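> below is the sequence, then the predicted model.
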Amino acid sequence: MELGKVVGQVVSTVRDASMPHLTLLLVDVVDGRGRVLYSGQVAADTLGAGEGELVLLARGSSARKILEKPVPVDLSVVGIVDQVSSEGRSLYQK
């Protein structure tokens, strides 16, 4: 899993028939301190994450398992983060 920060939403009304109408979010993959490692990634979201929130991301075959039938996605939001701490210090608090 990876950490990501939601920076926006992606709207695509015309999709391949195998792609359900999931919410698509624009996320930056970040490290534990919030520094951007990869920007502008598109992630499928079934949890309702909002802009500015820190989220847990699954990539690859794990990302495709967010619904009962396989979907053609390779990055999915699988959790909304409440807190990140390291070495006794809080790095992020929702």
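That came in fine, so what should we check first?
> Provide a list of residues in contact with the residue nearest to the spatial centre of the chain.
Nearest to the geometric centre of the chain sits Val77, at 3.5 Å (C-alpha atoms, centre = their mean). Listed by C-beta atoms under 8 Å, 6 or more residues apart in numbering, the contact partners of Val77 are 4, 25, 27, 43-47, 49, 55-57. All C-beta atoms are positioned from the backbone trio N, CA, C, and that covers glycine.
> what is the least confident helix or strand in the chain?
strand 89-93 (a mean of 87; mean pLDDT, DSSP states H and E).
> assign Val29 to helix, strand or coil.
strand (DSSP: H, G, I helix; E, B strand; the rest coil).
> what's around Gly40, how many residues?
For Gly40, the neighbour count with other C-beta atoms under 10 Å is 12.
> sticking with it, tell me its helix or strand.
Under the criterion of DSSP states H and E, Gly40 resides in strand 36-45.
> name the next helix or strand downstream of that strand, please.
As assigned by DSSP H and E, the chain's next helix or strand after strand 36-45 is strand 54-59.
> how much does that next one deviate in direction from strand 36-45?
For strand 54-59 against strand 36-45, the angle between stretch directions is 80 degrees (axes from the mean of the first three to the mean of the last three C-alpha atoms, to 10 degrees).
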